[in-house]
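> sharing a model prediction with you, sequence too.
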Amino acid sequence: MKLDLDQLRELIRLLDESNLTEIEVEHDDDRIRVRRDPAPLVGAQATQSVATAGAASSEHPSDVPAPVDENGTYVTTPFVGTFYRAPSPDGEPFVEVGDSIVPGQVLCIVEAMKLMNEIEAEVAGTIVEILGDDGKPVEYGDRLFRIEIS
Amino acid sequence: MKLDLDQLRELIRLLDESNLTEIEVEHDDDRIRVRRDPAPLVGAQATQSVATAGAASSEHPSDVPAPVDENGTYVTTPFVGTFYRAPSPDGEPFVEVGDSIVPGQVLCIVEAMKLMNEIEAEVAGTIVEILGDDGKPVEYGDRLFRIEIS
Amino acid sequence: MFEKILIANRGEIALRVIRSCRERGLRTVAVHSEIDADALHTRLADEAICIGPADPTRSYLHIPAIIAAAEITGADAVHPGYGFLSENPEFAETCAQCGLEFVGPLPDQMRQWGDKVTARALAKSLGLPTIEGTELLEDVEDAIKKAESLGFPVLLKASGGGGGRGMHILHSKEEVRAVFETARTESRAAFGNDALYFEKFIERPRHIEFQILGDKHGNIHVLGERECSIQRRHQKILEEAPSVALSDEMRSDMSATIRRAMSEVGYISAGTLEFLLDESGELTFLEMNPRIQVEHPVTELVMGIDLIGEQIRIADGQPLELPERPLSPRGHAIECRINAEDPDTFAPSPGMITEFHMAGGTGVRVDSGVFGGGRVPPHYDPLIAKLIVHAPTRVQAIAKMRRALSETIIGGIRTNIPLHRRILAHPAFEEGRFSTRFLDELQA
Amino acid sequence: MFEKILIANRGEIALRVIRSCRERGLRTVAVHSEIDADALHTRLADEAICIGPADPTRSYLHIPAIIAAAEITGADAVHPGYGFLSENPEFAETCAQCGLEFVGPLPDQMRQWGDKVTARALAKSLGLPTIEGTELLEDVEDAIKKAESLGFPVLLKASGGGGGRGMHILHSKEEVRAVFETARTESRAAFGNDALYFEKFIERPRHIEFQILGDKHGNIHVLGERECSIQRRHQKILEEAPSVALSDEMRSDMSATIRRAMSEVGYISAGTLEFLLDESGELTFLEMNPRIQVEHPVTELVMGIDLIGEQIRIADGQPLELPERPLSPRGHAIECRINAEDPDTFAPSPGMITEFHMAGGTGVRVDSGVFGGGRVPPHYDPLIAKLIVHAPTRVQAIAKMRRALSETIIGGIRTNIPLHRRILAHPAFEEGRFSTRFLDELQA
């Protein structure tokens, strides 16, 4: 089977848009595989309670570029737990849509085992969408914020 | 998926060369299916013991054209049984490679349940290959002779 | 002992027979149609012979091709499975003439039990309780007279019918008058036989059947009953063993009666006596199927035996090795027939099986004839797999079957799994309160 | 009773736990890594939570993520399966601190039995026969002295080792001198612990293990033994129950001894006591595994119980409902571990499973964690399925397993099925004459 380049380009685009790291298409003896390295986690270096600024920790290596598509960059959660937009029930949200952010800035908290894990920004930019629901559970890798990099 | 005609022709050629009646190729949501009616049986009208000449019997309808490819026409067996090239162990073979044949001519016997089923030619032509082994079992649809149609 | 057995069937029952043969060191020959060239029975047998095109009348029902396949492979015996040629006495006779042992009853026994009216008379003469019924009906006036003496409602049945076809429930002589001639014409068209008779109609019966095995040495064993009331248009969908409707005393009394009756006729091989159980707890003989049945695994599980293996041993002339005293069922077994069909319309759903994951784990048995990537051809029975569970109690068996259905994933075709889930979730089913009308009422 | 259980595992054991939960009406939560997003346990649980990337240290071994998953789903209990966190007392303690019932023994019991030297001393004090062995070795001179007093050949073992790693057979004091320091360094690197000791080396032992269950009410049941001598580099490949090497008297004597010992320590949940059986028929305690084991199904089949179900009932505080008298094994069961690996080189063979047809039919149980079209990731244990058979006798069980292997079709990856076929075809295996060296000798 002949595969034209448009088709291959389409596959690559699909891969880019998704959370996946690999797409494999098998066809009798034909197989197309497009693959990329695992998606990095913006803010993945935030560790329990006290967020470490800057470089990735050895526990959560994230030395690959942040996933960027036409819609911007996503901040995903490296923790399973409950998503909170504010430091306390009555507190002001850390960020709102439209806010400019700088690397190291706390964007939210993911609580697990009574520990408040702060998630920090890794890039400078603007919050264009908040995808997590305040007070609701999040799984590992869930997208929390969409950011337009400045 | 773009399918070029060469590819389609290749599929059709594969189908023609095979015993199949259908080839289906799936590729994600795309599917190509090439199909033909069941392969006709040259000589299929030969019934038990006494071969009926000419038209197909109702038991073995074969009113579709014989399968023809670049290599000629094949005579296949409509009976499971033992293939014999001659009417008796010491007899002369019904046909040899190079022989000219006419429709209705007995080409061989397939024995089953002690009955000698004569297989007749349906077309005029020349025997170019004998594919059955004398005294050996044949399954339904096995090719017995290759014939070049005259 | 035989060395090689040809299996004159396809699908799950062909695999079932291959399994029992292989465990006994017997070689197996599969026969297959062209469309079944990649079917599982074709792939898993030691040898496979193509015997004809997809049309079953030219392959699985074509006696000369099957016998010829046995000849060229040197098979010693033929197992017919169920359906196809399994109840065809001519096939059994042809096997015998060609020196092949037919794994089943004698041809005359197949004839004896094949015709329903003959079978009922025979059963009666053997002391089995039979449903009240009439002789064959001469004409419409004779029919009205016989219906009135039997008492309405009555069931008008075709002597040559089967599988629930050709039956009419009649409540008055007006209905007899309205239906009789049509039914006679239908019967002639469908079965080549226009003989009709009446049976007493039981409003809400259960379908209960007893499994038997007889050997060539005069031994008969009765292996308990199966409950097969969950039917759609007289087609069984879900079966279980034992039946909640039978007490130990009823079971043991009827087993003794059947054993006496079948010993008298010297029945050989596996067979099933089907009964109706009426509201008052009376069992009446319905018919006898002289073959293995689809639902045999539930008996195997609760009785701890291999029915197909016993069939083969019997055909080989070996005596049954089962204990002298009747076996008691241990635990509870349920079978769900998985059909390739729409769960609502019941329209067949042949096609490519894109995904196939059957349930596993403890107490789960899978008898299937298909595989992921394989194709369900439109030419044959839609039964693609049987899911069978065994647990200490009926409540646990139901829970296990629900669990097993929940993890069964079949993609690419539609199946009746949603129907099975509805049945198993129904309070009346859970409580064991149901009749053969359960499914019609559930669907209504 | 619990309402919801989180399963802190993947693969076939996660499915196994889901099955027992579902049959009891318990809801299940699967946790999974990113690469297991489409795995069977993820698909078949009632809820599934992604807890981290493929690397197990960041997902299946990452305690905070698992606890957080239990918190956000409101699970009442955690079943750890085997491997991963199943023998981690800190995990069990964390569960307890977070209000989650850990389905397993108490953390202190896990510690008691987790260290081999402590465990052996405890076993000895409880009256279990233990293999002759030494205290920890101080240095090479101390080692030589102790080896000579024990008598060569001796087995040099790492106190923190397990699964057969870190062991050396030594035949002379020269060999002790040559190996001691290297072994100490290896042990420190592999187990974070350089404590070494000697055991008497048995040339051709069998590996026999006893299954126990203890509840929170002080009841202990011993559920017979398993024969696990078919090993490759101390990894079990094929297991059976019962063992042909044990007489009824040996079984019942050892069961009584174990029951007394485990009652004394008040052991809770499922556990396995592993023994070596030497050529003279003496059983000596090797170690105790405080968890469910891979090969538990062979015990389930011959004893007719659901070990995972009992584990859950025990964790919930319910008393064992097993009979007072020891159960006797019924029939014979064999398990083949199907690994995604090259059957000759044993190199892992991860990849896409293009075709997956597991055996079915009577007496065949399949516990699998994969499906056709699914992928075996390279990050985890290569065990993809367990094929388990149950038959009246060992000869029939072997025939059934051969049959079951013959119809198992797994495409796209390599598996060790050819190795299983070789084992089952070997006369010494058939006759039951083998030791833990069987497979090494077969391969040689």
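That came through, no problem.
> and the lengthiest strand in chain C, what does it pack against?
Using DSSP state E, we find that the single longest strand of chain C is strand C:220-232. Counting contacts by 3 or more Cβ pairs under 8 Å, 6 or more residues apart in numbering or on different chains; DSSP states H and E, strand C:220-232 packs against strand C:206-214, strand C:235-241, helix C:248-265, helix C:296-303, helix C:438-443. The C-beta positions use only the backbone N, C-alpha and C, and glycine is treated the same way.
> quick one: it to chain centroid distance?
10 Å (Cα atoms, centre = their mean, to the nearest Å).
> could the helices and strands packed on strand C:220-232 go into a markdown table alongside mean neighbour count?
Listed next are the helices and strands packed on strand C:220-232 as a markdown table, based on neighbours: other Cβ atoms under 10 Å in any protein chain shown:
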| stretch | mean neighbour count |
| --- | --- |
| strand C:206-214 | 24 |
| strand C:235-241 | 23 |
| helix C:248-265 | 17 |
| helix C:296-303 | 26 |
| helix C:438-443 | 16 |
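> would TSV of the ones you listed with mean pLDDT and distance to residue C:153 be doable?
Listed next are those as TSV, based on pLDDT from 0 to 100; distance: least, Cβ to Cβ, whole Å:
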stretch	mean pLDDT	distance to residue C:153
strand C:206-214	97	18
strand C:235-241	96	23
helix C:248-265	96	26
helix C:296-303	97	32
helix C:438-443	86	16
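> in chain A, which spans are helices?
A:5-17 (DSSP state H).
> quick one, which of the helices and strands packed on strand C:220-232 gets closest to residue D:161.
Each of the helices and strands packed on strand C:220-232 has some distance to residue D:161 by Cβ to Cβ; the shortest is helix C:296-303, at 44.0 Å.
> hang on, the earlier thing: among the helices and strands packed on strand C:220-232, which is nearest residue C:11?
It's helix C:296-303; of the helices and strands packed on strand C:220-232, that one is closest to residue C:11 (Cβ to Cβ) at 14.4 Å.
> what pLDDT is listed against the closest residue to residue C:151 other than its chain neighbours?
Leaving aside its sequence neighbours, residue C:151 sits nearest to residue C:200 (Cβ to Cβ, 6 or more residues apart in numbering or on different chains; 7.1 Å). Per-residue confidence (pLDDT) for residue C:200: 89.
> hang on, residue C:200 packs against residue C:156?
No: counting by Cβ atoms under 8 Å, residue C:200 sits too far from residue C:156 to count as a contact (11.8 Å).
> surely residue C:36 is in contact with residue C:42?
Yes: Residue C:36 is within contact range of residue C:42, at 5.7 Å (criterion: Cβ under 8 Å).
> residues contacting residue C:32?
Listed by Cβ atoms under 8 Å, 6 or more residues apart in numbering or on different chains, the contact set of residue C:32 reads C:10, C:39, C:41, C:42, C:48, C:49, C:50, C:51, C:59.
> number of residues surrounding residue C:402?
Other residues near residue C:402 come to 17 when the count uses other Cβ atoms under 10 Å in any protein chain shown.
> downstream of the helix or strand harbouring it, the next helix or strand is which one?
In this structure, residue C:402 sits in helix C:394-406 according to DSSP states H and E. Per DSSP H and E, the first helix or strand lying C-terminal to helix C:394-406 is strand C:409-411.
> what residues does that following strand touch?
C:338, C:353, C:354, C:355, C:356, C:357, C:384, C:417, D:43, D:371.
> just the CA coordinates of the helix holding residue C:402, formatted as CSV?
Extracted in CSV, the C-alpha atoms of helix C:394-406 (Å, rounded to 0.1, in the frame of the first residue of the first chain):
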residue,chain,number,x,y,z
ARG,C,394,-27.4,-20.3,42.4
VAL,C,395,-27.0,-16.8,43.9
GLN,C,396,-23.3,-17.0,43.5
ALA,C,397,-23.6,-18.4,40.0
ILE,C,398,-25.8,-15.5,39.0
ALA,C,399,-23.3,-13.0,40.5
LYS,C,400,-20.5,-14.8,38.7
MET,C,401,-22.3,-14.7,35.3
ARG,C,402,-23.0,-11.0,35.7
ARG,C,403,-19.4,-10.5,36.4
ALA,C,404,-18.4,-12.6,33.5
LEU,C,405,-20.7,-10.8,31.1
SER,C,406,-19.4,-7.5,32.3
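> give me the neighbour count for the residue lying closest to residue C:101 once chain neighbours are set aside.
Residue nearest to residue C:101 in three dimensions, not counting chain neighbours: residue C:77, with 3.9 Å by Cβ to Cβ, 6+ apart. Number of residues near residue C:77 (other Cβ under 10 Å) recorded here: 22.
> got a list of what residue C:77 touches?
C:2, C:4, C:5, C:6, C:100, C:101, C:102, C:103, C:312, C:315, C:316.
> and of those, the nearest to residue C:17?
Nearest to residue C:17 among the contacts of residue C:77, with distances taken as Cβ to Cβ, is residue C:5, at 7.3 Å.
> now that closest one, which residues is it bridged with?
Counting by DSSP bridges, residue C:5 forms beta bridges with residue C:28, residue C:77.
> near it, how many other residues are there?
Residue C:5 has 29 nearby residues by other Cβ under 10 Å.
> could you do residue C:185 as well?
Neighbour tally, residue C:185, other Cβ under 10 Å: 11.
> tell me the contacts of it?
Applying Cβ under 8 Å, 6+ apart, the residues near residue C:185 are residue C:194.
> secondary structure element for it?
Here residue C:185 is assigned to helix C:173-191, by DSSP H and E.
> ramachandran angles for residue C:321?
phi -110, psi 20 (degrees, to the nearest 10).
> if you skip the residues just before and after it, what's nearest to the residue most central in space within chain C?
Central residue of chain C (Cα atoms, centre = their mean): residue C:293, 3.3 Å from the mean position. Nearest non-adjacent residue to residue C:293, counting by Cβ to Cβ, 6+ apart: residue C:272, 5.2 Å away.
> who does the one you found bridge with?
Counting by DSSP bridges, the residues bridging with residue C:272 are residue C:211, residue C:289.
> list the contacts of it.
Taking Cβ under 8 Å, 6+ apart, one finds C:209, C:210, C:211, C:212, C:288, C:289, C:291, C:293 in contact with residue C:272.
> and which of those is nearest residue B:82?
residue C:291 (30.6 Å).
> the closest one against residue C:86, yeah?
Yes: counting by Cβ under 8 Å, residue C:86 is a contact partner of residue C:291 at 4.3 Å.
> circling back to that earlier point, narrow the contacts of residue C:32 to those in strands?
C:48, C:49, C:50, C:51.
> and stretch C:5-14, how far out from the chain's middle?
With Cα atoms, centre = their mean, you get 15 Å for stretch C:5-14.
> cool, stretch C:321-340 as well?
Worked out by Cα atoms, centre = their mean, stretch C:321-340 lies 14 Å from the chain centre.
> span of that stretch from start to end?
Using Cα to Cα, to the nearest Å, the end-to-end distance of stretch C:321-340 comes out at 38 Å.
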